[in-house]
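[1] return atomic coordinates for the entry below.
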Amino acid sequence: MTGGLKDGDTEEEFLHSPFIRKQGNIYKPNNKDMDNDSLNEKTMDDVHTKEIDLVNRDPKRINDDVVKVDFEDVIAEPAGTYSFDGVWKASFTTFTVTKYWCYRLLTALVGIPLALIWGIFFAILSFLHIWAVVPCVKSYLIEIHCVSRVYSICVHTFCDPLFEAMGKCLSSIRISTTKGV
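    Residues are numbered from 1 along each chain as shown. Take a look at the predicted model:
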């Protein structure tokens, strides 16, 4: 319960207060004019009551380069090989309306089950990341830190004197090149 506390607030202030969103009571989302008692309560953000935008359905633009397929992207007639204007207009209308309604039908039939499957998948993925991957990585980093100390001691004990001695022995070697004509 302490995750939503602000600096200086105590946990006792939130024991019996309902969640109040910035735009109104969670149970009355359009109730912006609340009584004086509920205005004095602390506001907390509840991530499970997030409202969705029905106008901009791709706010992060993840499908910008993938599904922008219009009639002109699929069917094009080069100069000199034109069909009748009526056929061209009917083809355009047929393509556009068919694409629109097939998409709507598929999303109505398959969208909710797929949303359920993807929700379960990402819940499992989040669970595994939080409860398995991060602890394993942290454990590995702790253990590898111990191994790195032992490795460092071995290198400094055995390899450093060897390479220092080899460096002193080989430091007196001088190489000179002469050009013969």
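[2] may I have the helix or strand harbouring residue 160 exported as PDB, CA atoms only?
    Using DSSP states H and E, residue 160 sits within helix 160-170. Taking C-alpha atoms only, helix 160-170 is exported to PDB below (Å, rounded to 0.1, in the frame of the first residue of the first chain):
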ATOM      1  CA  ASP A 160      52.100 -10.200 -13.200                       C
ATOM      2  CA  PRO A 161      55.500 -11.300 -11.900                       C
ATOM      3  CA  LEU A 162      56.100 -13.500 -15.000                       C
ATOM      4  CA  PHE A 163      55.200 -10.800 -17.500                       C
ATOM      5  CA  GLU A 164      57.300  -8.200 -15.500                       C
ATOM      6  CA  ALA A 165      60.300 -10.500 -15.600                       C
ATOM      7  CA  MET A 166      59.800 -11.200 -19.300                       C
ATOM      8  CA  GLY A 167      59.500  -7.400 -20.000                       C
ATOM      9  CA  LYS A 168      62.700  -6.700 -18.100                       C
ATOM     10  CA  CYS A 169      64.500  -9.400 -20.000                       C
ATOM     11  CA  LEU A 170      63.300  -8.400 -23.400                       C
END
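[3] now do it, average pLDDT.
    Average pLDDT, helix 160-170: 93.
[4] same check on stretch 62-79?
    Taken as a whole, stretch 62-79 has a mean pLDDT of 84.
[5] contacting residues around it?
    Applying C-beta atoms under 8 Å, 6 or more residues apart in numbering, the contact partners of stretch 62-79 are 58, 83, 88, 91-92, 95-96, 99. (C-beta placed from N, C-alpha, C; glycine too.)
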